[in-house]
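Any chance you could fold what I've pasted below:
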Amino acid sequence: MADSGDTNDGASHDLLDRLDPVVLHHVVNTLGWPDLRPLQRAAIDPVMDGEDVVLLAPTAGGKTEAACLPILSAMSEQGWSGTSVLYLCPLKALLNNLVTRIDSYAQWLGRSAELWHGDTKESQRRRIRTEPPDILLTTPESLEAMLIGTKTDHAQLLGMVRAVVVDEVHAFAGDDRGWHLLAVLERLERVAGRPIQRIGLSATVGNPEQLLTWLQGGGSGKRPARVVAPDLTGAPGVASVLGPSSAGARPAGEVELDYVGSVDNAAKLIAALHRGEKRLVFCDSRRQVEELGAALRAREVTVFLSHASLSADERARSEQAFAEARDCVIVSTSTLELGIDVGDLDRVIQIDSPRTVASFLQRIGRTGRRPGSTRSCLFLTTRKDSLLQAAALLLLWGKGWVEPVTAPPEPRHLVAQQLLAATLQQHKLGDRLWPEQWNGLAPFDRSAAPILRHLVSEGFLEEDGGLLFIGPEAERRFGRRHFIELTASFTAPPQFTVLSGRYEIGQTDPSVLTEERPGPRRLLLGGRSWQVTFIDWGRKRVFVEPADGGGIAKWTSGSLAGLSYALTRAMREVLLGADPLVSLTRRAEVCLAEWREEDASQLVQPDGTLVTRVGTDVRWWTWAGYRANATLAATLPSISDPIQRPTDCYVRLREDLTPDMWRAARESTSDGAALVLPDVDPRAVHGLKFSAALPKRLAMATVAARLADFDGALASLREPVRFLAAPSS
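Okay, the predicted model is just below:
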């Protein structure tokens, strides 16, 4: 193998010598690689030595091989048997995409890899139970189902696990699936009777060291660990992925920002530009995917769609057809943001703007994979506010900034879920020894005692002779289909399955079927219009036939809305004159100039915040983000309008506000001690899976904690404020 610029040739070759000779032979002769990438070299020692690691590299940076090649070598060197490696992914489609590749690597050494997730046939599961593969690719939810299911002897199948690879680990860490993952891994260590090596693969994080500590769970500080990121400049981070390290330089990659004014205009532009190219278009809602798909199809563009409410068959058909085609477009939500291979892309197009820099990095990373090509992304914004958001996001990108990944606070609902799941797994739990199931990992430790008492008092658990058993209320709430509901850590609004004959197209929101509309009831799904012929309300099924047009797409979002403090502050910077280091079309320049000339003086000032009055409408323009503004509205009840929905940019204040009232409210909170959690609509707790197993006050406290941003709120309180118009007394 050729050396890749290492200053110490001997040390470089010593690293490669640690790999199994058969693995090394196939890397050279089967894969045809002249060398390993820097990340793949740097991963060899820590992975083979059993350290916990986070492997950090840009999208398509070879992270899968950086984990698999040394893991297979360790498996061979140390004689691991049975299912010794789990490969966990956040998406079934990503697992489907990886299993053939990982199995081909395993077969070099006479080993095997198999797939197990919600779509895996029972016949294949039976084969895995009787002939366990060396590597099992699965999701945390399926792993939980193995632990609590009666068909799987989890000790036999999982008792030999030595290492777990968590792909796209940042996608877990930032939401409740991460808490679920950590808890299940601790229980897996109890089954295996040994610490299990944890290897995280990630492309886009601003805090990799903290991510590594998070991934270690109960083993943090007890096991050797390191971040491996040689492809990135400086300390572990993302500067070389993001762009310049010096002010004023243009970031790597071709990025253009345009303002087109509507989804229909975006379709017109996509149809006219880049003919002959393969284009991946990202939208940030299923409804927008459907509307753009229909508009492109009307212009005779070969178009495919992918989003979570399309059936698995429909998505797979689209993704396969797109991978094999050339002059075509695939329109997707974030379902294609992660490392699923959709072939050789020419261009990524973003409609409006994602909410995070990390998400943008994943998306632009889908391009530029051919030798000699560069990463590129065209932003087509359909509204003035989305142009401002996109410009702000690109401003942050140009500064080399990316969001830290942080776990959602106070996951009490998942503590309740884990107590029930562990009881199912063990059939009984000691009423004093139960915290041992999670090896002391907070919050699944003794601090969970109040939740345990609630589960017993409400009949979710029964107590007898110092032991805990599954109670009748848990059976009633979660017992259907062998407690399958207990394995998923997230909830989704109920949807109706849409069928054309026997073919499942996908799912639609029930509001599309119930809201009053003139004329025949038509749906938009898969980029096509369908006329409803029959609704089976009991079984939640809708039967349809093709229609010429007029379909409606609509889904209810279950997530808390709003932009971050950092992104909203960057929007303020753009209004104050900062331009991102990307190409701006003439239309985008004109629209931003209009923002600044007509609106900026009413919304922002360089050295603080503004309070404006238009008639009886009084607004405090904080530019602090949704969560900080929700915190401020709750913290300042004497001056905030009690009837308001928090926004990203401002807090609505009382119409009778006076400067004296303002000063008194500000003085009482200036040290931050008086900050309070935002008010929560009691209905919001339904967005927490398993909230039914919590006392209502604890469920609401969890939602409130996740809605709060004390740092952003305090920063806003400490800034100078100017009253644009003197409020009336």
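
in a helix, that's where residue 150 is, yeah?
No: membership of residue 150 in a helix is not supported by DSSP: H, G, I helix; E, B strand; the rest coil, which gives coil.

And for residue 463, the neighbour number?
Using other Cβ atoms under 10 Å, residue 463 is surrounded by 16 other residues. Using the backbone N, CA and C atoms, a C-beta is placed for each residue, glycine as well.

Give me the below-cutoff pLDDT ranges for the chain.
For the chain, the stretches flagged by pLDDT under 70 are 1-13, 231-253, 339-343, 368-373, 481, 489-493, 557-561, 670-673, 726-729.

How are the strands of the stretch 1-150 of the chain distributed by residue range?
Secondary structure of the stretch 1-150 of the chain by DSSP state E, counting those that start in this stretch: the strands cover 52-56, 85-88, 113-116, 135-138.

my guess is residue 487 contacts residue 146, does it?
No: between residue 487 and residue 146 there is no contact under Cβ atoms under 8 Å: 9.4 Å.

Can you tell me which of the strands of the stretch 1-150 of the chain is nearest to residue 605?
The minimum distance between residue 605 and the strands of the stretch 1-150 of the chain falls on strand 52-56, with 39.1 Å, by Cβ to Cβ.

Within the sheet, what are the partner strands of that closest one, with directions?
If you go by DSSP bridges, strand 52-56 pairs up with strand 197-202 (parallel), strand 225-228 (parallel).

nearest to residue 611, of the strands of the stretch 1-150 of the chain?
Ranking the strands of the stretch 1-150 of the chain by proximity to residue 611 (Cβ to Cβ) places strand 52-56 first, at 43.3 Å.

how far does the closest one sit from the chain's center?
From the chain centre to the centre of strand 52-56 is a distance of 19 Å (Cα atoms, centre = their mean, to the nearest Å).

measure stretch 157-169 end to end?
The straight-line separation of the ends of stretch 157-169 (Cα to Cα, to the nearest Å) is 24 Å.

Could you report the neighbour count for residue 552?
For residue 552, using other Cβ under 10 Å, the count is 19.

And residue 204, by the same measure?
25.

where's it, which helix or strand?
Counting by DSSP states H and E, there is no helix or strand that carries residue 204.

Show the contacting residues for residue 509.
493, 495, 496, 554, 555, 556 (Cβ atoms under 8 Å, 6 or more residues apart in numbering).

so what's it closest to, chain neighbours aside?
residue 555 (4.7 Å; Cβ to Cβ, 6 or more residues apart in numbering).

Look at that neighbour and say how many residues are nearby.
Neighbours around residue 555, by other Cβ under 10 Å: 20.

you'd agree it is up against residue 310?
No: if you go by Cβ under 8 Å, residue 555 and residue 310 don't touch, sitting 11.5 Å apart.

what separates residue 626 from residue 134, distance-wise?
Counting by Cβ to Cβ, to the nearest Å, the gap from residue 626 to residue 134 is 46 Å.

ok, the residue nearest to the spatial centre of the chain to residue 145 distance?
Nearest to the mean C-alpha position of the chain, counting by Cα atoms, centre = their mean, stands residue 171 at 4.2 Å. From residue 171 across to residue 145, the span is 20 Å (Cβ to Cβ).

and what of residue 523?
32 Å.

now swap in residue 508 and tell me
Noted for residue 508: a distance of 27 Å to residue 145, by Cβ to Cβ.

Have a look at these two and say which one is more surrounded.
residue 508 (26 against 23).

circling back to that earlier point, deepest in the core, which of the strands paired with strand 52-56 is it.
Ranked by mean neighbour count, the strands paired with strand 52-56 are led by strand 197-202 with a mean of 26 (mean count of other Cβ atoms under 10 Å).

Excluding covalently adjacent residues, which one is nearest to residue 141?
Of all residues not flanking residue 141 in the chain, residue 487 sits nearest, at 4.7 Å (Cβ to Cβ, 6+ apart).

Let me see the contact set for that neighbour.
Taking Cβ under 8 Å, 6+ apart as the test, what residue 487 contacts is 141, 142, 144, 145, 148, 421.

any idea how far the second one is from residue 509?
Read that as residue 142. 27 Å.

what's the answer for residue 395, then?
Separation of residue 395 from residue 509 (Cβ to Cβ): 35 Å.

now the strands for the stretch 251-400 of the chain?
Under DSSP E, counting those that start in this stretch, the stretch 251-400 of the chain gives strands at 254-259, 278-282, 303-306, 328-332, 347-351, 376-381.

hang on, I meant the stretch 451-600 of the chain
With DSSP E, counting those that start in this stretch as the criterion, the stretch 451-600 of the chain has strands at 461-464, 467-470, 496-500, 503-508, 522-525, 528-536, 541-546, 583-584.

mind listing what's buried in the longest one?
In other words, strand 528-536. 528, 529, 530, 532, 535 (16 or more other Cβ atoms under 10 Å).

dump the residue contacts of the nearest residue to residue 91 once chain neighbours are set aside.
Among residues not flanking residue 91 along the chain, residue 338 sits closest, at 6.0 Å (Cβ to Cβ, 6+ apart). Residues in contact with residue 338, defined by Cβ under 8 Å, 6+ apart, are 90, 91, 94, 168, 171, 362.

Adding distance to residue 479, write those residues out as JSON lines.
As requested, those are arranged in JSON lines below (distance: Cβ to Cβ, whole Å):
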{"residue": "90", "distance to residue 479": "27"}
{"residue": "91", "distance to residue 479": "27"}
{"residue": "94", "distance to residue 479": "30"}
{"residue": "168", "distance to residue 479": "32"}
{"residue": "171", "distance to residue 479": "30"}
{"residue": "362", "distance to residue 479": "38"}
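
closest to residue 158 among those residues?
Closest to residue 158, out of all of the contacts of residue 338 and judged by Cβ to Cβ, is residue 90, at 19.9 Å.

Tell me the spacing between the residue nearest to residue 509 and residue 309.
Between residue 555 and residue 309 the computed distance is 6 Å (Cβ to Cβ).

What of residue 211?
From residue 211 over to residue 309 the distance is 30 Å, taken as Cβ to Cβ.

The two: which is more packed in?
It is residue 211, of residue 211 and residue 309, that has more neighbours when counted by other Cβ under 10 Å, with 27 against 23.

Does the more buried one touch residue 54 like I think?
Yes: between residue 211 and residue 54 there is a contact under Cβ under 8 Å: 5.7 Å.

okay, and the common contacts of those two?
169, 200, 202.

show me what contacts the last one?
Applying Cβ under 8 Å, 6+ apart, one finds that residue 202 lies in contact with 54, 55, 56, 63, 168, 169, 170, 208, 211.

again, 6 Å this time
54, 56, 169, 170 (Cβ atoms under 6 Å, 6 or more residues apart in numbering).

Quick check: the first one touching residue 212?
When you say that, I think you mean residue 54. Yes: the criterion here is Cβ atoms under 6 Å, and residue 54 meets it with residue 212 at 4.5 Å.
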